[in-house]
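K.L.:
here is the input, now give the coordinates:
(chains A, B and C)
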Amino acid sequence: MRKHIVLSGSAAVALTAVLAACGGANNASGPGTPTTAPASKGGTLTILDSETTLTLDPAQSWSLAITSSGLLWRRLTTWKVGPTGAPEVVPDLATSDGTPSAGGRVWTYHLKSGIYFSDGQPITSYDVKYGIERTYAPALSGGLNYQKPLIAGTAGYTGPFSGRQLSSIVTPNSKTIIFHLNKPYGDWPWVVSTTSMAPVPEGKAPAAAFNNHPITSGPYAVQSYTPGTSAILVRNKYWNAATDPNRSGGPSKIIWELNQDPTVEAQTLIADGPNAQDAFGADFVPPAQLAQVENDPSAKARLVTSPASPLEYVAVNMQSPKLKNLKVREALEYAVNRQAVVVASGGPIAADPATTLITPGIAGREPYNLYPAAGSSGDPAKAKSLLAQAGVHSLTLTLATPNDPISTAISEAVQQAYSAAGIKVSIKSLSENAFSALVTGNSASGYDLALSSWQPDFPSAMDNIEPLFASAMIGNGNYNISRLSDPTVDALINRAEGTINEAAAGKIWAQADKAIVADAAVVPLVYNRNSFLRGSDVENFYIGEFPAYPVYTAVSLKQ
Amino acid sequence: MPPKILSGPAVPADVPVAAVARRSGAFARLLADRWGLAGAAVAAGFVLLALFAPSLSGISGNNPYTYHLSALTSSGLPKGALGGVSTAHWLGVEPQTGRDLFAIVAYGARISLLVGVGATLLATVIGTVLGVLAGYRGGLVDTLLSRFTDLTIAFPQLIFMIALGALVPASFPKQFFMVAVIGAFGWPSVARVVRGQTMALRNRSFVVAAQAVGARPLHILRTEILPNLAATITVIATMSIPGAIGTEAALSFLGIGVPPPTPSWGREISSAIAWVSVDPWYLAAPGIALFLVTLALNAFGDGLRDAFDPRMSGRLR
Amino acid sequence: MKLTRFLLNKLAGMIAVLLLVSLATFLIFYILPANPARTECGRLCTPNELRDVRAFMGLAQPVWHQYLNFLTAIFAGRTYGSGAGAIVCPAPCLGYSFQQNRTVLSLIGQTLPVTASIAVGAAVLWLVTGTAAGVVSALRHGKATDRVVMTTAIVGVSAPSYLVGLLAILLFGFKLNILPVSGYVSLLQSPGQWAFHLILPWCTLAFISAAIYGRLTRSQMLDALGEDYVRTARAKGLLERRVVVRHALRNVMIPIVTMFGLDVGALLGGAVITEKVYSMYGLGALLIGAVQTTDLSTISGVTLLAAVFVLVANFLVDLTYKLLDPRV
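P.N.:
Below you'll find the predicted structure:
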């Protein structure tokens, strides 16, 4: 998923991370060592966020499992993310990660007992089914829709509001739920952990009103939500901690302050005044404030940085007439100056040069560099010679980019590097929505290159490759913005998805990775390190190996 | 007017409406006005800076596009004091890119002045034509103009700019687009003043006499009315330029001005604000430049107005 | 009767302009390349699903039909979809924002008080300060007070508002730590905090506008003080203060109040830059957000409202003129 979207379904502006971690590239603890103390209960936590809206309806939310979604919703499975070690999918409402049968086409789950909604009603398998069926309603589209094409027999299904139900989700009793999929799918337990799969009380939440007054299943319930201003979360008194070892439920109240300016937010946290000590920032710390933190030891200690993971890349539009020649595309690979992109992101603190598509920390990754260029500053001379070999003497390309500050800075760095190789780049800077409409739309014209970033929605190599490079993902709002349509790559993807054994699947994904970069359908730029600040009274604020965000569900306050 | 930011060239209503500006002696009065002259000099300086931006930046071998990563520390801050001021970079460098700030300010002046003066010219031409028509004709024409003015000021200028800006192809230079839109929204204030003046002039004896003799309206407009309006129009135009420059900067600040890498003061200020606690010099360069140009043109405009307004003459500033 | 005819005329004109403005806004966004249905549908959106979402949002119809729906909804309300999954927007319905899952009216209800608080507070402040400064300056023209005030004024007029605002935040908010840097507290929740959070926005806006009003008042005042009737009043032996206040000032206030009315009307449509700088979610912030996400309903609703403010302000000013000065 797009790396910056943490909470809501509405488009957000990307801010790249900006903090330098001393220590190894994948060291989860940086200058700010996370305080992992046993979670104390009590206190009011404030979360400062630049978003103006929160999507509180699970059907429409893009939240990661361990951020806002984790505070409000429980699903059949969830993620266990510790300060060190790889993240795991673990049972949440269910008693196991799921039992596959029929070669991975059918998955069975049994629910725990003692699980209740925030209105006191018990959570049953019918509620889980209803929650999933809701995601098919046009009024509630827009969420993380991984499950939609995978569940069998959903063609033409428009949700449960007209009374129709899905026969491929079977609920023989209130504690059992069985999914019938279209094909064997090894990553189904991860799909089940996504927010769209959260249970919603059956029959109770027809449409949009639910977003403003949701009924939750996690440690917190929503007391009020005012778009553009704040949301107030209070303890869900029916949440049973004994059934939920993955969430701390530390603070008694959470105030989510919206519409913050990211620079002011970071400065407030650096200053650590009385209002900021019980707060943390939901946004990446901007480059200027990272530089500020460098000189401020107390602030430095309260900064946490993720390992380098989300990928920043330039997608090469394979359907652009100017880019049909492989040598021209290879020139793009050689000319790019990753060093300048690192600086534009905020320095080594914020980014590492990237050469592969599968990001660090994901199982199956094999490091390689198909286009070695001296010191990652790029090789404009080699690029020029490749262009000459292709018989191209002047090349002008359009680079589409979202108009947030960091993307703008990176696009300028790319433009500058390419001009050194004789390639003229004109930047098309667009608002988030206009950018998506352009690159994920059905027309291949309008851009030759597109700057984007990607963090998988769950830690699987599948999510590094398939959504970005499978030919079925071109257009219709999907993210194959390179518009790569390569049968070899598609075949590799299909094989890997159907392989249940993780290690074997990993090898196939690595092959696909190399094939795509060899075809120069994408220019990997950097892996970003995201940095976040906390106030001095916030504890258990850490970032695991994946995702590159703090684990909200672990946070507690010093009493 | 600045609070709304987007009302185009803000014509201050303190331009005299009733009296006909007296040209005789105006030049002498202008020369005697120290502040006005100083303003003119500074404004002229910026015009020269803008015109000769490439050669001036070239003296230190710079342009506003080239990155100088070697001039930055690893966190992207300029090396050295005062934001990296050195013989190679007279005003220092930009954080994260190392681009030369003097070149950025010089080239940025081009955009600010081009859009500011261009938009004002457009607004003045449209406003004068419409204002004279309404003032001279009166009646239905005047009423229609009144409606049209209402429509223009009620129209959502900002959304129009953003939306149209998204539609305009990337190959069309954004600065001309901005001239067109800011100018197209700025004419009401000019028209209002010109209309008032025209109505006053219409009843003056020399105009009535010309009409009695049977002169055609176009002739009267050309020989009697327009020359008498010339001074007022000049003053209005000059006083509107700072507002137009401010509007361009504000739009760039909001991110809807000329796209990178073309330097623009507004956009530089917008990025520089975030760096103020660690590199205040980054903000100082474009911020002071914008402020000085606006101040200078305001002072010159004031001087011009005072020079032309007979009732102001003889008053100490 | 003449007054009635005047009122009806003006009203008709206003409605005509409103229709034109709303139609223009509609058209502009209709021809934009962004696809709100696609954004709403999200990822992995099959063409069938997209078609369903488009139909649900009412975007499948021709533009004139959509515009008509928008207009009729204002009087009769509107329902999206049907059955249990329908979304109802009761009259007066200015549209429904799918992005925010709320009716535009409720969004306006939430943001208007913010903008109004900023606008009215700053307006009162700048009117009082500006005119007072202008009068004082005119009375003492040529002397030191005059120079100081006018120099401050020309500086105020020349400084970009966003720069002043941001520097004020840095100085008073972070360095000196005496004022809050962002956020709006509702008047109903806490009048004290409401005013406290608004001090910086009020002062920033007022500083720049007071400069303009000061200059205007001063020049109008100087004109008025040189007029015949003032000379007559002085010759009659009236007290200077009486001359100033009752004669000169009253005439000066007419163009000032005119401009004031128009300025406040426009500002109520959203003080975009101020709201952005101080992170206050008013009409301006709502509008900018809606433009970036191509939320046509919100854009149409807020633009219409802003146009209403401007037109009503214009109307009130014209009415005041008509009532005060029968020659007009």
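K.L.:
would you tell me which residues of chain A are close to chain B?
P.N.:
Contact residues (C-beta under 8 Å from any C-beta of the partner chain) of chain A with chain B: A:20, A:263, A:267, A:286-292, A:294-295, A:339-340, A:343-344, A:346-349, A:398, A:403, A:405, A:408-409, A:411-413, A:415-416, A:419, A:426-431, A:434. Any C-beta I mention is one placed from the backbone N, CA and C, and that applies to glycine too.
K.L.:
one more time with 6 Å
P.N.:
Within chain A, the positions adjacent to chain B are A:263, A:286-288, A:291-292, A:294, A:340, A:343-344, A:347-348, A:403, A:408-409, A:412, A:416, A:426-429, A:434 by C-beta under 6 Å from any C-beta of the partner chain.
K.L.:
identify the residues contacting B:Thr97.
P.N.:
By C-beta atoms under 6 Å, 6 or more residues apart in numbering or on different chains, the residues touching B:Thr97 are B:Tyr67.
K.L.:
try 8 Å
P.N.:
A:Val343, A:Ala344, A:Ala409, A:Glu412, A:Ala413, B:Tyr67, B:His68, B:Leu69 (C-beta atoms under 8 Å, 6 or more residues apart in numbering or on different chains).
K.L.:
element containing it?
P.N.:
In the assignment (DSSP states H and E), B:Thr97 maps to no helix and no strand.
K.L.:
and A:Lys327, by the same measure?
P.N.:
helix A:326-335.
K.L.:
can you give me the buried ones in that helix?
P.N.:
Buried positions in helix A:326-335, judged by neighbour count with 16 or more other C-beta atoms under 10 Å in any protein chain shown: A:Lys327, A:Val328, A:Arg329, A:Glu330, A:Ala331, A:Leu332, A:Glu333, A:Tyr334, A:Ala335.
K.L.:
mean confidence score for it?
P.N.:
The pLDDT scores in helix A:326-335 average 94.
K.L.:
which other helices and strands contact the helix or strand just after it?
P.N.:
Using DSSP H and E, the helix or strand that follows helix A:326-335 in sequence is helix A:338-345. Where contact means 3 or more C-beta pairs under 8 Å, 6 or more residues apart in numbering or on different chains; DSSP states H and E, helix A:338-345 is packed against strand A:351-353, helix A:405-420, strand A:522-528.
K.L.:
tell me the secondary structure at C:Leu187.
P.N.:
In three-state terms, and counting by DSSP: H, G, I helix; E, B strand; the rest coil, C:Leu187 is coil.
K.L.:
count of residues packed around it?
P.N.:
14 (other C-beta atoms under 10 Å in any protein chain shown).
K.L.:
and for C:Ala235?
P.N.:
Count around C:Ala235 with other C-beta under 10 Å applied: 8.
K.L.:
same check on the one 4 residues further on?
P.N.:
By other C-beta under 10 Å, the residues close to C:Leu239 number 11.
K.L.:
for C:Trp194, see how far away it is.
P.N.:
42 Å (C-beta to C-beta, to the nearest Å).
K.L.:
for A:Gly361, same thing?
P.N.:
A:Gly361 is 47 Å from C:Trp194, by C-beta to C-beta.
K.L.:
where in the chain is the helix or strand with the lowest mean pLDDT?
P.N.:
Using chain A. helix A:209-212 (a mean of 80; mean pLDDT, DSSP states H and E).
K.L.:
let's do chain C instead
P.N.:
Using mean pLDDT, DSSP H and E, helix C:240-242 stands out as the lowest-scoring helix or strand of chain C, at a mean of 70.
K.L.:
more neighbours: A:Gly361 and C:Trp194, which one.
P.N.:
Under the criterion of other C-beta under 10 Å, the comparison of A:Gly361 against C:Trp194 puts A:Gly361 first, with 22 against 17.
K.L.:
and the more buried one, what element?
P.N.:
Counting by DSSP H and E, A:Gly361 is found in no helix or strand.
K.L.:
for A:Pro524, which non-adjacent residue is spatially closest?
P.N.:
Distance criterion C-beta to C-beta, 6 or more residues apart in numbering or on different chains; nearest residue to A:Pro524, sequence neighbours excluded, is A:Ala354 at 4.2 Å.
K.L.:
contacting residues for that neighbour?
P.N.:
A:Leu311, A:Glu312, A:Tyr313, A:Arg338, A:Pro524, A:Leu525, A:Val526, A:Tyr527.
K.L.:
got the phi/psi numbers for the first one?
P.N.:
What it means is A:Leu311. The phi/psi pair for A:Leu311 (degrees, to the nearest 10) reads phi -90, psi 130.
K.L.:
let me see the backbone angles for B:Asp306.
P.N.:
phi -60, psi -40.
K.L.:
do A:Leu399 as well
P.N.:
phi -110, psi 110.
K.L.:
please tell me how far A:Arg329 sits from B:Thr120.
P.N.:
For A:Arg329, the distance to B:Thr120 - C-beta to C-beta - is 47 Å.
K.L.:
give me the number of neighbouring residues for A:Ala241.
P.N.:
By other C-beta under 10 Å, 11 other residues sit near A:Ala241.
K.L.:
for whatever residue of the stretch 51-200 of chain B ends up closest to chain A, what are its contacts?
P.N.:
Nearest to chain A, among the residues of the stretch 51-200 of chain B, is B:Ser75, at 4.4 Å (C-beta to the nearest C-beta). By C-beta under 8 Å, 6+ apart, the contact set of B:Ser75 is A:Ala20, A:Pro287, A:Leu290, A:Ala291, A:Glu294, A:Gly346, A:Gly347, A:Ile349.
K.L.:
now do it, the pLDDT please.
P.N.:
Looking at B:Ser75, its pLDDT reads 82.
K.L.:
just for the stretch 1-150 of chain B, where's the confidence low?
P.N.:
B:1-24 (pLDDT under 70).
K.L.:
would you mind listing what in it touches chain A?
P.N.:
B:Tyr65, B:Thr66, B:Tyr67, B:Leu69, B:Leu72, B:Ser74, B:Ser75, B:Gly76, B:Leu77, B:Pro95, B:Gln96, B:Thr97.
K.L.:
how about the residues of the stretch 101-250 of chain C by chain B?
P.N.:
Residues of the stretch 101-250 of chain C lying near chain B (C-beta under 8 Å from any C-beta): C:122, C:141-142, C:147, C:150, C:154-155, C:157-163, C:166, C:170, C:174, C:205, C:208-209, C:212, C:215-216, C:218-220, C:222-223, C:226.
K.L.:
mind listing which of those are in strands?
P.N.:
Among these, none falls in strands (DSSP state E).
K.L.:
which of those residues are close to chain A?
P.N.:
C:Phe174.
K.L.:
does stretch B:144-154 come close to chain C?
P.N.:
Yes: interface with chain C: stretch B:144-154 contributes B:Arg147, B:Asp150, B:Leu151, B:Ile153, B:Ala154 (C-beta under 8 Å from any C-beta).
K.L.:
neighbouring contacts of that stretch?
P.N.:
Applying C-beta under 8 Å, 6+ apart, the set of residues contacting stretch B:144-154 is B:7, B:130-131, B:133-134, B:185, B:187-188, B:191-192, B:195, C:13-14, C:16-18, C:20-21, C:262, C:266, C:306-307, C:310-311, C:314.
K.L.:
for residue 86, what are its contacts?
P.N.:
Defaulting to chain A. Here A:Ala86 is in contact with A:Gly361, A:Ala363, A:Pro459, A:Glu545, A:Phe546 (criterion: C-beta under 8 Å, 6+ apart).
K.L.:
could you do chain B instead?
P.N.:
By C-beta under 8 Å, 6+ apart, the neighbours of B:Ser86 are B:Gly80, B:Gly92.
K.L.:
and the buried ones among the contacts of stretch B:144-154, selectable in ChimeraX?
P.N.:
In ChimeraX syntax, the buried subset of these is picked out as below (16+ other C-beta under 10 Å):
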select /B:7,130,131,133,134,185,187,188,191,192,195 /C:13,14,17,18,20,21,262,266,306,307,310,311,314
